[in-house]
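**Student:** requesting a structural model of the entry that follows:
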Amino acid sequence: MQQHKIVSREDWIAARKDYLAKEKEFTRARDALSAQRRQLPWVKVDKEYVFEGPDGQETLSDLFAGRSQLIVYHFMFGPDWEEGCPSCSYLADHFDGAIVHLNHRDVSMVVASRAPLKTLEGYRKRMGWRFKWLSSLGSDFNHDYHVSFDADETAGGEVYYNYRTGSFPSEEAPGISVFHKDANGDVFHTYSAYARGLDMLIGAYNLLDLVPKGRDEAGLNFTMEWLRRHDRYED
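**Tutor:** Numbers count the residues shown, from 1 in each chain. Presented below is the predicted three-dimensional model:
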């Protein structure tokens, strides 16, 4: 951690006000970017995707649960995995508290993975989560939204992820996709984000950004190397 200059309260206030001006500029820029996101064109979803969930088989349309907007988090959990991805588990720790509020703003949110439902339910119970988790195993959903890669893709060393072709260390990848259903029942894909685009979902990272050490990941072999599933920290 770098050494910091120690100043008077008056000098600190002056420095903080200078930085506040930059924070306000960033906030306005973020608001403008969010507005542009909402203006992106949509794509009609013509394929029927069927998921296996706690209520039996459900289509993508069913997952709206009477609301007009749907968020799907693509959780990295392959068909033969025993545990979910630690990083996705970190994100998922933030979901339950938000979903009740989303529901009151015409938004449903679910999580989808390719692992069998029984495996997902066991892991969800272990982690103490309450959100709805569905298995997309047997459908093209994960592949169509570019968060799962087949053997041919991974064998080639490059996959299509985050809107470009490149290497990726797993056959599963994280992401989030957003959908809208209109009054006629037609479903539209409105947005998807991957990789660092998911940072906004991680409340703990936003809090770490406030403290003197920040995320403190610069000296690690890879981002999130420090991370553990919340029931696996040594203390």
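
**Student:** flag every buried residue along the helix or strand of the chain with the lowest mean pLDDT.
**Tutor:** One helix or strand of the chain scores below all others by mean pLDDT, DSSP states H and E: helix 151-155, with a mean of 84. Of the residues in helix 151-155, residue 153 count as buried by neighbour count, 16 or more other CB atoms under 10 Å. Every residue, glycine included, has its C-beta placed from N, CA and C.

**Student:** quick one, longest helix in the protein?
**Tutor:** helix 9-38 (DSSP state H).

**Student:** mean confidence score for the helix or strand just after it?
**Tutor:** Where DSSP states H and E defines the elements, the next helix or strand beyond helix 9-38 is strand 43-44. Averaged across strand 43-44, the pLDDT comes to 98.

**Student:** what packs against the next helix or strand after strand 43-44?
**Tutor:** Per DSSP H and E, the first helix or strand lying C-terminal to strand 43-44 is strand 50-53. Contact analysis of strand 50-53 by 3 or more CB pairs under 8 Å, 6 or more residues apart in numbering; DSSP states H and E lists strand 56-59, strand 133-135 as its packing neighbours.

**Student:** for the helix or strand following the last one, buried residues please.
**Tutor:** Reading on from strand 133-135 to the C-terminus, the next helix or strand found by DSSP H and E is helix 141-144. Neighbour-count burial for helix 141-144, with 16+ other CB under 10 Å as criterion, is recorded at 141-142.

**Student:** for the helices and strands packed on strand 50-53, which one sits closest to residue 85?
**Tutor:** strand 133-135 (13.4 Å; CB to CB).

**Student:** chain center to that closest one, what's the gap?
**Tutor:** 15 Å (CA atoms, centre = their mean, to the nearest Å).

**Student:** mean confidence for that strand?
**Tutor:** Computed over strand 133-135, the average pLDDT equals 98.

**Student:** how about the helices and strands packed on strand 50-53 in JSON lines, adding distance to residue 22 and mean neighbour count?
**Tutor:** Listed next are these as JSON lines, based on distance: least, CB to CB, whole Å; neighbours: other CB atoms under 10 Å:
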{"stretch": "strand 56-59", "distance to residue 22": "46", "mean neighbour count": "12"}
{"stretch": "strand 133-135", "distance to residue 22": "40", "mean neighbour count": "24"}
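
**Student:** low-confidence stretches in this protein?
**Tutor:** 1 (pLDDT under 70).

**Student:** ok, now with 80
**Tutor:** 1-2 (pLDDT under 80).

**Student:** what does stretch 193-205 contact?
**Tutor:** Identification of contacts with stretch 193-205 by CB atoms under 8 Å, 6 or more residues apart in numbering yields 73, 90-91, 93-94, 146-147, 161-163, 173-176, 215.

**Student:** try 10 Å this time
**Tutor:** By CB atoms under 10 Å, 6 or more residues apart in numbering, the surrounding residues in contact with stretch 193-205 are 30, 34, 37, 71, 73-74, 87-88, 90-95, 97-98, 145-147, 161-163, 168, 173-178, 191, 206, 208-209, 214-215, 217, 223-224, 227.
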